[in-house]
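Student: 3D model of this:
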Amino acid sequence: MTLLPYLESDRVEAGCDEVGRGCLCGPVVAAAVILPPDYANELINDSKKLTKSNRQALVEEIKANAVAWSIAEASVEEIDQINILNASFLAMSRSILALAITPDHLLIDGNRFKSEISIPFDCIIKGDGKYASIAAASILAKEYRDELMVEYDRRYPGYGWSSNAGYPTKAHRYGIEKLGATPIHRKSFRLLPDQLEISF
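Tutor: Numbers count the residues shown, from 1 in each chain. Presented below is the predicted three-dimensional model:
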């Protein structure tokens, strides 16, 4: 099924999505994508519903065909300072501002968005399964962050990040129990279910 190309025709819409909110470590990453109004690709879908090989192929496809695209982060330090929700909004705002073209309207995945950007927006629940531009943003953000966590896994082995991307799996929590927390763990998060004290 091909996703919808736009919410409204005759305007430049940017889809925006983030990834990594539920992780115990690493930045939250957002992407923004403006697709041509006549662009259609039935393979583009919610990144969580795609295989890694499909996502990797689609990254190049999206970058080659998009009118504009960008990827941005909010750091672990920012997450701990302003909380994960606000850090998600910050990463999304940064990705929108980094676009080479200023869109007329934003399609934001989820049920809320807060930003100082003056561009009007619509929040769309499960938008990455409805609109191609949001799905494209979810694919770029997820692949970028997954690759980043593979790099971090080389630097801090023992947590399984190359496979769990920092989400709270058994392997990740076992690593925290045995090795302690790393500098990229989110101090404001509950890293272990029975957490009393973890050394940073």
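Student: and the longest helix that the chain contains, which residues are buried?
Tutor: When the chain is scanned for its longest helix (criterion: DSSP state H), the result is helix 132-155. By neighbour count on 16 or more other CB atoms under 10 Å, the buried set for helix 132-155 is 132-146, 148-149, 152-153. To be clear about C-beta, it is placed using only N, CA and C from the backbone, and glycine gets the same treatment.
Student: now stretch 11-28
Tutor: For stretch 11-28, the neighbour count (16+ other CB under 10 Å) marks 12-20, 23-28 as buried.
Student: Please, where are all the helices along this protein?
Tutor: In the chain, the helices defined using DSSP H lie at 52-65, 76-82, 84-97, 132-155, 161-164, 170-179.
Student: What is the last one packed up against?
Tutor: Where contact means 3 or more CB pairs under 8 Å, 6 or more residues apart in numbering; DSSP states H and E, helix 170-179 is packed against helix 161-164.
Student: And the contacts of the helix it packs on?
Tutor: By CB atoms under 8 Å, 6 or more residues apart in numbering, the surrounding residues in contact with helix 161-164 are 25-26, 149-150, 152-153, 171-172.
Student: For Met149, which residues are in contact?
Tutor: 26, 161-162, 165-166.
Student: Which of these ranks first by neighbour count?
Tutor: For the contacts of Met149, the largest neighbour count, defined by other CB atoms under 10 Å, is 30 neighbours, found at Trp161.
Student: picking that back up, quick one: the contacts of Met149 as a markdown table, columns for pLDDT too.
Tutor: Shown next, in a markdown table, are the contacts of Met149 (pLDDT from 0 to 100):
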| residue | pLDDT |
| --- | --- |
| Gly26 | 98 |
| Trp161 | 98 |
| Ser162 | 97 |
| Ala165 | 98 |
| Gly166 | 98 |
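Student: Could you single out the nearest of the residues you listed to Pro36?
Tutor: Set against Pro36, the nearest of the contacts of Met149 by CB to CB is Ala165 (30.5 Å).
Student: how deep is Thr169 tucked in, by neighbour count?
Tutor: Neighbour count of Thr169, defined by other CB under 10 Å: 16.
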